[in-house]
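Visitor: With the input below, show me the fold.
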Amino acid sequence: MGAVSVAAVARRATLRRPRTVRAAVQLVAVLGILSALTVWFFAARGTLDGYPGDTGLCPASNIPPWWPRWLPA
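Guide: Residues are numbered from 1 along each chain as shown. Okay, the predicted model is just below:
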């Protein structure tokens, strides 16, 4: 529902622009919100059990050493 409302706001904000500009703004807005939601989901939920990329080599804090400091863990 969030991506649909973001697309609606982007469309409303670019009403008098050419069609290609409206489409590009909507696409960037929707991809941006979906990317942000994906990062939030993995930061809040963590790696799902049984995921093949989970090697189990994380330290006791379950935060890998390469994890960026600006992302919540």
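Visitor: And for Ala7, the neighbour number?
Guide: 16 (other CB atoms under 10 Å). Placement of C-beta: from N, CA and C, glycine included.
Visitor: show me the contacts for it.
Guide: Going by CB atoms under 8 Å, 6 or more residues apart in numbering, Ala7 touches Gln26, Ala29, Val30.
Visitor: Using the three-state scheme, assign it.
Guide: Here Ala7 is recorded as helix under DSSP: H, G, I helix; E, B strand; the rest coil.
Visitor: any idea how far it is from Leu31?
Guide: Between Ala7 and Leu31 the distance is 10 Å, computed by CB to CB, to the nearest Å.
Visitor: thinking again about what came up before, as JSON lines, the contacts of Ala7 with secondary structure would be great.
Guide: Formatted as JSON lines, these follow (three-state DSSP):
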{"residue": "Gln26", "secondary structure": "helix"}
{"residue": "Ala29", "secondary structure": "helix"}
{"residue": "Val30", "secondary structure": "helix"}
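Visitor: could you measure the residue of the chain most remote from its centre against Ala29, distance?
Guide: Centroid-distance maximum for the chain: Arg16 at 28.5 Å, with CA atoms, centre = their mean. Distance of Arg16 to Ala29, computed by CB to CB: 17 Å.
Visitor: repeat for Ala13
Guide: Going from Ala13 to Ala29 by CB to CB gives 9 Å.
Visitor: can you tell me how far the residue nearest the centre of the chain sits from Leu27?
Guide: In the chain, the centroid-proximal residue (CA atoms, centre = their mean) is Ser35; its distance is 1.9 Å. Using CB to CB, one gets 12 Å for the distance from Ser35 to Leu27.
Visitor: How about Arg17?
Guide: Distance from Arg17 to Leu27, by CB to CB: 13 Å.
Visitor: Neighbour count, pLDDT and distance to Ala43 for the contacts of Ala7 - can I get that in a markdown table?
Guide: Below are the contacts of Ala7 laid out as a markdown table (neighbours: other CB atoms under 10 Å; pLDDT from 0 to 100; distance: CB to CB, whole Å):
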| residue | neighbour count | pLDDT | distance to Ala43 |
| --- | --- | --- | --- |
| Gln26 | 19 | 87 | 26 |
| Ala29 | 19 | 88 | 21 |
| Val30 | 16 | 88 | 20 |
